[in-house]
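Undergrad: predicted coordinates and the sequence they were generated for:
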Amino acid sequence: MQEQTDEDSLMSEVEPKDIIKFGMIPEFCGRMPILVPFHGLSTEMLVEILTKPKNAVANQFIAQFRTEKCQLVFTPDALHTIAESAFQKKVGARGLRSLLENLLEEALFEVPNSNIKKVIITKEVVQGHQPPNYFTS
């Protein structure tokens, strides 16, 4: 976490001349009138991105399962583990969708045209220690 904070503080000091030294052509740098450093996202921020916005990635998958008359449930530990994985892989918020797609791939094929009514994703499922928990009633 400290490493990310140090990197964020260094990025806030970047100037156009630094980008030119890095190898960008001056004409390109001249077309960017301002530089905005992006700060790294913490795991807590990634969990919020997964769940809080109206159109959050986790909510999209929950809605997709709902169309099959199936309830998709993520435990809080599972969401935190997904966020940790995104943080460690440095994929940020954009990588959350692909992580969830890979995680739910089996369930996305099992649920349609079946009698599965509920799928629970736990920390162990996210870590790959067990398959998703399926319930038929």
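TA: Right, received. Where do you want to start?
Undergrad: can you name the helix or strand that the residue minimising distance to the centre of the chain falls in?
TA: Central residue of the chain (CA atoms, centre = their mean): L96, 2.1 Å from the mean position. In the assignment (DSSP states H and E), L96 maps to helix 96-110.
Undergrad: contact partners of that helix?
TA: Counting contacts by CB atoms under 8 Å, 6 or more residues apart in numbering, the residues outside helix 96-110 that touch it are 46, 49-50, 57-58, 61, 64-65, 72, 82-83, 85-86, 91, 116, 119, 121, 125-126, 131-132, 134. From N, CA and C alone the C-beta is placed, and that goes for glycine too.
Undergrad: then stretch 60-69?
TA: Defining contact as CB under 8 Å, 6+ apart, one finds that stretch 60-69 is touched by 71-72, 100, 104, 107-108, 111-112, 117, 119.
Undergrad: domain parsing of this structure, as residue ranges.
TA: As given by automatic domain parsing, the domain ranges for the chain are 1-39, 43-135.
Undergrad: winner for burial among those?
TA: domain 43-135 (a mean of 16; mean count of other CB atoms under 10 Å).
Undergrad: sorry, back to before: for the contacts of stretch 60-69, which one is nearest S9?
TA: For the contacts of stretch 60-69, the residue nearest S9 by CB to CB is L100; the value is 31.4 Å.
Undergrad: now that closest one: how far from Q64?
TA: Look at L100 and Q64: by CB to CB, to the nearest Å, they are 11 Å apart.
Undergrad: which single one of the contacts of stretch 60-69 is nearest to C29?
TA: Using CB to CB, those come closest to C29 at L100, 36.8 Å.
Undergrad: A helix includes V73, no?
TA: No: read with DSSP: H, G, I helix; E, B strand; the rest coil, V73 is strand and lies in no helix.
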